[in-house]
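Enquirer: sequence? don't have it. structure:
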């Protein structure tokens, strides 16, 4: 499921399959698949009507289900779409402000650059887990 904005659905409206498809810029087949996967409908009669509050709740549930939290020693790899530890536990801390910055490392699987925003205090605490290079601003 793509990252659809749940706030487009109005809770006091009823939507048909084609209206939901137009609202989110998706095909009617996708909306019908959502119905098969658990999106509640008012009844089984045609036209199929979907309550706005049910649509909003369904999209919120799907977004929470697809979310993957990174552990303290992991960064999110956009290519693998998984939280991963950096290769060889080597990271570079790049400061943004006096107390915050980001760490940069390579994915241990696909070797794509990964980033994670953290505070300087957390970066110093992670020195026991990673070999961290501190870059000057």
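Expert: Looks like it arrived, so ask away. From a predicted model like this one, the values you see are computed outputs, not experimental measurements. Residues are numbered from 1 along each chain as shown.

Enquirer: Helices of this protein, start to end?
Expert: 17-24, 28-36, 52-66, 120-125 (DSSP state H).

Enquirer: Can you tell me which of these is nearest to residue 92?
Expert: helix 120-125 (10.1 Å; Cβ to Cβ). All C-beta atoms are positioned from the backbone trio N, CA, C, and that covers glycine.

Enquirer: tell me the contacts of residue 118?
Expert: By Cβ atoms under 8 Å, 6 or more residues apart in numbering, the residues touching residue 118 are 100, 101, 102, 103, 126.

Enquirer: got JSON lines for the residues you listed, with distance to residue 30 too?
Expert: Listed next are the contacts of residue 118 as JSON lines, based on distance: Cβ to Cβ, whole Å:
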{"residue": "100", "distance to residue 30": "39"}
{"residue": "101", "distance to residue 30": "40"}
{"residue": "102", "distance to residue 30": "35"}
{"residue": "103", "distance to residue 30": "37"}
{"residue": "126", "distance to residue 30": "41"}
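
Enquirer: And those residues, which is the shakiest by pLDDT?
Expert: Minimum pLDDT for those is recorded at residue 126 (88).

Enquirer: mind showing which ranges of this protein have poor pLDDT?
Expert: 1-2, 137 (pLDDT under 70).

Enquirer: thinking again about what came up before, a markdown table please, covering the helices of the chain and showing distance to residue 3.
Expert: Below are the helices of the chain laid out as a markdown table (distance: least, Cβ to Cβ, whole Å):
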| stretch | distance to residue 3 |
| --- | --- |
| helix 17-24 | 11 |
| helix 28-36 | 14 |
| helix 52-66 | 7 |
| helix 120-125 | 27 |
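
Enquirer: Strands of the chain, start to end?
Expert: With strands called from DSSP state E, the chain shows them at 14-16, 49-51, 75-77, 82-84, 90-95, 100-106, 113-119, 131-134.

Enquirer: Next, give phi and psi for the most centrally placed residue in the chain.
Expert: By Cα atoms, centre = their mean, the chain has its centre lying nearest to residue 67, at 4.9 Å. Main-chain dihedrals, residue 67, degrees, to the nearest 10: phi -70, psi 140.

Enquirer: Thanks a lot, see you next time.
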